[in-house]
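Chemist: with the sequence up front, the predicted model follows.
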Amino acid sequence: MGDWEVSLNLGEKIPGKELLLLLEKIDKTGSLNRAVEEAGVSYRYGWGLLNRAEEALGKALVMRQAGGSAGGGTTLTPAGKKLLGHMQALQREVQGQLAALFTHEDEQPERHLVLASTMEPVVTGLLDVLEQAYLQETGITVRHIAAGSGQAMAMAKAGRVDLILTHAPELEEEFVAHGWGVGRIPVMGNDFVLVGPVADPAGTAKAQSAAAAFKSISQAKQIFISRGDQSGTHLAEQKIWRQAGINPAGCAWYTEARNTLGNYGMLQRAAELGGYTLVDRASFTTGYSEEKMAILFAKDPLLENIFCAIPVSRKKAAVNQDGAESFAAWLTSSTAVGIIFDFGRKEYGEPLFTPYKQ
């Protein structure tokens, strides 16, 4: 393919390639000093680059911890991790498109698949581990694009991806029924949880069901932050409101935050406003470490959260259906099940996802 390269810049003064590398090194080392050293830039330049990016985006990307007995360091905030994930996904997609563009008809194309995945497996890092294991076992590269479930299906319909990994049962069933997907393959699950202020002014922790907890928020007119983006999380939230017999749209206490960075952004926004929100347990475990918010209600059948792999049908789009079906089947293999079962256990004391029981 030669030495072609596509550059992404944020504004006029923020080179995307350098920012991506710096964020990757901070995430890897937990130290700005080591990150700039490995990235080959000065400390002053690296710190200035981060400041310019934070100013342009209006969000904190890194969090510095002072030294002491535990030592200091620099880590990515939830917004920083989300930006890193999006930039990596964009880079993978561009590389894949360039490879397809410059592959001559008489050349053997690179063996790879493109997957559109809902945010949670991406931002937690699980998908990277699964893809690496699949590469080692088969020699096939899987590149993923992070997107909400609705967005992932739109990408599939546009022929941009070979398969999707989503958690929106109703949308998935419709997607398959209309011939876009060859079938739903349950891979893993966790649960949605209602998160809110520790003081719980709406008294949701005393509720007997998820619908009752939502109704108490409505009755108390407490702030509720919604994804509002047709993601799997948003669709699960809407289902609970319907079960409660409430249409919150237009209510002063109900806020749709479509431009937040997924569930991590929802948690940050809810903490800022002292409100409630619905996220999956893995997002709360990995994306929130302060003491203002807590899980207030869980363990209801409505809060079940199953992630399904769906290969895209070649009858609808020019995709690698065979390769997609092979990877989807591998996600339920003993190797993948073992990875999912152990992922997060050492760091958080329990796995972030549970393999689906076949």
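Modeler: Great, that's in hand.
Chemist: list the contacts of stretch 328-342.
Modeler: Contacts of stretch 328-342 with the rest of the structure, by Cβ atoms under 8 Å, 6 or more residues apart in numbering, involve 126, 129-130, 133-134, 137-138, 163, 185-188, 309-311, 351, 353-356, 358. Every residue, glycine included, has its C-beta placed from N, CA and C.
Chemist: restricted to helices, list these.
Modeler: Helix and strand membership here follows DSSP state H; of the contacts of stretch 328-342, those in helices are 126, 129-130, 133-134, 137-138.
Chemist: quick one: buried ones out of the contacts of stretch 328-342?
Modeler: Burial of these was assessed by neighbour count (16 or more other Cβ atoms under 10 Å); the buried members are 126, 129-130, 133-134, 163, 185-188, 309-311, 351, 353, 355-356.
Chemist: residue ranges in the stretch 251-358 of the chain under the pLDDT threshold?
Modeler: Applying pLDDT under 70 to the stretch 251-358 of the chain picks out residues 259-261, 358.
Chemist: what about 50?
Modeler: In the predicted model of the stretch 251-358 of the chain, no residue satisfies pLDDT under 50.
Chemist: would you map the strands across it?
Modeler: For the stretch 251-358 of the chain, the strands defined by DSSP state E, counting those that start in this stretch cover 254-256, 276-280, 293-297, 304-311, 354-355.
Chemist: quick check, nearest of the ones in helices among the contacts of stretch 328-342 to Gly40?
Modeler: Minimum distance to Gly40 across the ones in helices among the contacts of stretch 328-342 is 27.4 Å, recorded for Val129 (Cβ to Cβ).
Chemist: excluding chain neighbours, what is closest to the closest one?
Modeler: Closest residue to Val129 in three dimensions, ignoring its sequence neighbours and counting by Cβ to Cβ, 6 or more residues apart in numbering: Ile339, at 5.8 Å.
Chemist: where's the one you found relative to Met293, distance?
Modeler: Applying Cβ to Cβ, to the nearest Å, one obtains 29 Å for the distance of Ile339 from Met293.
Chemist: same check, this time on Thr277
Modeler: Counting by Cβ to Cβ, the gap from Thr277 to Met293 is 9 Å.
Chemist: and these two? which has more neighbours close in?
Modeler: For Thr277 versus Met293, neighbours defined as other Cβ atoms under 10 Å are more numerous around Thr277 (28 against 20).
Chemist: list the contacts of that one.
Modeler: For Thr277, the contacting residues are 194-196, 224-226, 266-267, 269-270, taking Cβ under 8 Å, 6+ apart as the criterion.
Chemist: ok, 10 Å please
Modeler: 193-196, 223-227, 233, 237, 255, 257, 260, 263, 266-271, 284, 293 (Cβ atoms under 10 Å, 6 or more residues apart in numbering).
Chemist: cool, and Gln132?
Modeler: Applying Cβ under 10 Å, 6+ apart as the definition, the contact partners of Gln132 turn out to be 141-142, 339.
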